[in-house]
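Asker: Sequence and predicted structure are below.
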Amino acid sequence: MNYEENPISTAFGEFEQAVAVKVASAKTVKVTAAHRVRRHTIMLSIVGALVAAMPVGAYAALSLGNQGPPAATAAPSTVVPSAPASALPSETPAPTVNREPITKDMFLRQPVPVPSWGKWNESCPSGVVELSGTLQEVVAVDLDGDGEQEAVVLLWCQSNTQSGVTRVLGYDVDETGRPTLLGPAITVSDKIGEIQYIHGIRAGKDGKSFIAKVANDVTTDGTPTIKQDREYAWDGTEFAQIGGPAKF
Amino acid sequence: MTTDVVLPMSAFVVRGEQGFEEFYTANVRGLVVQLYAYLGDLDAAETVAQEALTRAAMRWRKLSKRDEPTAWVRREGWRLAADRLRKLPDRPSESSLANALKALPPRQRQFVILHYLARLSPAQIAQEQDVDLTTVQDALTAARAAITSQLTLNQKGN
C-alpha cells in the first residue's frame, strides 16, 4: 500500500506544519540535567557519609569502655574537583563522579522496564514493572567496556502455561541509579535441544562478559538433564554468545 | 560527621556531551509534535518532551554511544506521555486530527503516530515496541479506517 497517497498522510503533514513549538534551549536542558545529577550525587554522598559514621556513632552510644572504635567501613563516594561552584557546564572533560554501585536493591526499589515474555507467557509481568516477584540475581558487568558497570539480571516467572520461565536481560544504569533496558541476553525456548532453563549467572573473568548456567531440559522432578556454562557479551547492539558450548 | 559534598556544577556536566545540542535541536520539535498528537495537549507535550530530553542529557555520555539515541528518547517520551495521559482532563483539541486520534485506543494511536510522524515502518514499530508485526499492521489498518471516517465526518460537518 502506498501510504503517501493516503489522505491521512496529508492530514498528518498539515498537522505537523501547523504546530508552533515552544521549548527551552538545549543549553537550559543541559544545565537542568547537570543540576539533577549533582543533587542525586549529593544525596548518595550523604548516605555514604552516614554509613561511614554509623560504627563510630554506635560505639559512642553504647559506651564500650576503652576499646577503640571500629574502623569505618565506607566512605563518601565522590571526588571533589577544584573548579569554582558557579562554573556552568562546559565541553571540558569533568572529573569522574562515581555512580551508585549496581545492586539488587536498585532493581527492587523502583519499577524497571521489562519486555514481553512472549505469547505463551503473557501472564508474566512486562512493561515498566516491579521486579519483587521475578528478580533472581543481579550481576555487575562492564558490558560496553567504558569503565562503568552495567547490569545483567536473571528473572524468573511462574507462567500460566509453563512451570517456571527464566530469562536474562541486560540493563544500563543512568547517573540517578535508574535502570534502562539494553536488551534481552538469553531467552529460553520450549524446544528440545535449546536452552529451556537458566539456573544462574555470574560475571566473566574479564568483567566485560557474563556466564550463565543453562540447561536443555527440566524433568518432572525438576532435575535438569544437562547443565552448561555459556558466556555472553554485549556487542554494542545486542548480546551474543562468545564462549562455552554452542549446543547440548 | 563529615559531609564534604559541595561539588561544583562542572563535576556534574554530562560528560561526552558533545553532540547533545545538535541532537536536541534535531529531535525536540519532532518529539513534541508526536506527543501532541498523542496527548492532544500541546503544553503537556512540550513538558513531556523536555523531560525526556533532560533525562537523555543526564546520560548522554552513554546514550550517545548507541546506534539510536532517538529511539531511546522516543521510548522515554512515550512512557512519560502514557503516565501523563491518565491525568489529563478530557478536552477537545483545536486540531481535528488530534481529536480523531484521541478517539483511538492508545496503542493504535501510538502506532499510527509512530508511522506517520516518526516515519517508522511497521517492522520498525514492531521492533521498537516489542510486538508482532501483524499486531502493528492490524492496528494501523484499524486506525486508518477510524481516522478517515472521523475526518470525513468533520468535513461534512463544516
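Answerer: Received, thanks.
Asker: What segments of chain B are helices?
Answerer: Counting by DSSP state H, chain B has helices at residues B:20-39, B:42-58, B:60-63, B:69-87, B:96-102, B:106-116, B:122-129, B:133-157.
Asker: what's the domain layout of chain B?
Answerer: Using automatic domain parsing, the domain parsing of chain B gives B:16-91, B:93-158.
Asker: An error on my part: the question was meant for chain A.
Answerer: According to automatic domain parsing, the domains of chain A span A:1-82, A:104-243.
Asker: follow-up on the earlier one: go through the helices of chain B and name the closest to A:Arg167.
Answerer: Closest of the helices of chain B to A:Arg167 is helix B:122-129, at 18.0 Å (criterion: C-beta to C-beta). Glycine gets a C-beta too; all of them are placed from N, C-alpha and C.
Asker: for the closest one, packing partners?
Answerer: Packing partners of helix B:122-129 (3 or more C-beta pairs under 8 Å, 6 or more residues apart in numbering or on different chains; DSSP states H and E): helix B:69-87, helix B:106-116, helix B:133-157.
Asker: So which of these is the most surrounded?
Answerer: Across the helices and strands packed on helix B:122-129, averaging neighbours per residue (mean count of other C-beta atoms under 10 Å in any protein chain shown) puts helix B:106-116 on top, at a mean of 22.
Asker: ok now it, how far from the chain's centre?
Answerer: In terms of C-alpha atoms, centre = their mean, to the nearest Å, the centre of helix B:106-116 is found 10 Å from the chain centre.
Asker: what does that helix contact?
Answerer: Helix B:106-116 has contacts (C-beta atoms under 8 Å, 6 or more residues apart in numbering or on different chains) with A:3, A:8-9, A:12, B:34, B:37-38, B:74, B:78, B:82, B:85, B:101-102, B:104, B:120-122, B:125, B:128-129, B:136, B:139-140, B:142-144, B:146-147.
Asker: Same question for stretch B:29-40.
Answerer: Under the criterion C-beta under 8 Å, 6+ apart, residues A:12, A:15-16, A:19, A:21, A:23, B:42, B:44-46, B:48-49, B:52-53, B:73-74, B:77-78, B:81, B:84-85, B:88, B:91, B:93, B:95, B:97-99, B:101-102, B:106, B:109-110, B:113-114, B:117-118 lie in contact with stretch B:29-40.
Asker: so what's the closest residue to B:Thr70 other than its chain neighbours up against?
Answerer: Using C-beta to C-beta, 6 or more residues apart in numbering or on different chains and skipping the chain neighbours, the partner closest in space to B:Thr70 is B:Asn27 (5.8 Å). By C-beta under 8 Å, 6+ apart, the contact set of B:Asn27 is B:53, B:70, B:73.
Asker: and what of A:Phe12?
Answerer: Neighbouring residues of A:Phe12 by C-beta under 8 Å, 6+ apart: B:37, B:97, B:116-117.
Asker: Can you tell me which of those is nearest A:Phe239?
Answerer: The nearest member of those to A:Phe239, counting by C-beta to C-beta, is B:Leu117 at 31.3 Å.
Asker: where in chain A is pLDDT low?
Answerer: Across chain A, residues meeting the criterion (pLDDT under 70) sit at A:1-5, A:39-99, A:161-162, A:218-224.
Asker: Which stretches in it count as strands?
Answerer: Here chain A has its strands, by DSSP state E, at A:112-114, A:127-129, A:135-141, A:150-157, A:165-173, A:179-187, A:197-203, A:209-215, A:227-234, A:239-243.
Asker: for the ones you listed, which one sits closest to B:Ser64?
Answerer: Of all these, it is strand A:165-173 that lies closest to B:Ser64, at 12.4 Å by C-beta to C-beta.
Asker: okay, the angle between the closest one and strand A:227-234?
Answerer: For strand A:165-173 against strand A:227-234, the angle by axes from the mean of the first three to the mean of the last three C-alpha atoms, to 10 degrees is 30 degrees.
Asker: Now strand A:165-173 - C-alpha only, PDB.
Answerer: What follows is strand A:165-173, C-alpha atoms only, in PDB (Å, rounded to 0.1, in the frame of the first residue of the first chain):
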ATOM      1  CA  VAL A 165      10.200 -19.300  32.900                       C
ATOM      2  CA  THR A 166      13.600 -17.700  33.200                       C
ATOM      3  CA  ARG A 167      15.300 -15.100  31.100                       C
ATOM      4  CA  VAL A 168      18.400 -12.900  31.300                       C
ATOM      5  CA  LEU A 169      18.200  -9.100  30.500                       C
ATOM      6  CA  GLY A 170      20.900  -6.500  30.200                       C
ATOM      7  CA  TYR A 171      20.500  -3.000  31.700                       C
ATOM      8  CA  ASP A 172      22.400   0.200  31.600                       C
ATOM      9  CA  VAL A 173      22.000   2.400  34.700                       C
END
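Asker: which secondary structure elements does that strand contact?
Answerer: Counting by 3+ C-beta pairs under 8 Å, 6+ apart, strand A:165-173 packs on strand A:150-157, strand A:179-187, strand A:197-203.
Asker: that older thread, could you dump the helices and strands packed on helix B:122-129 into a markdown table with mean pLDDT and distance to A:Ile186 added?
Answerer: Formatted as a markdown table, the helices and strands packed on helix B:122-129 follow (pLDDT from 0 to 100; distance: least, C-beta to C-beta, whole Å):
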| stretch | mean pLDDT | distance to A:Ile186 |
| --- | --- | --- |
| helix B:69-87 | 87 | 22 |
| helix B:106-116 | 94 | 28 |
| helix B:133-157 | 88 | 23 |
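Asker: Export the ones you listed as JSON lines, with columns for distance to A:Thr166.
Answerer: Shown next, in JSON lines, are the helices and strands packed on helix B:122-129 (distance: least, C-beta to C-beta, whole Å):
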{"stretch": "helix B:69-87", "distance to A:Thr166": "25"}
{"stretch": "helix B:106-116", "distance to A:Thr166": "28"}
{"stretch": "helix B:133-157", "distance to A:Thr166": "25"}
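Asker: Nearest to A:Ala185, out of those helices?
Answerer: helix B:69-87 (18.3 Å).
Asker: returning to that earlier point: redo the domains of chain B as TSV? Include distance to A:Ile211.
Answerer: Below are these laid out as TSV (distance: least, C-beta to C-beta, whole Å):
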stretch	distance to A:Ile211
domain B:16-91	24
domain B:93-158	26
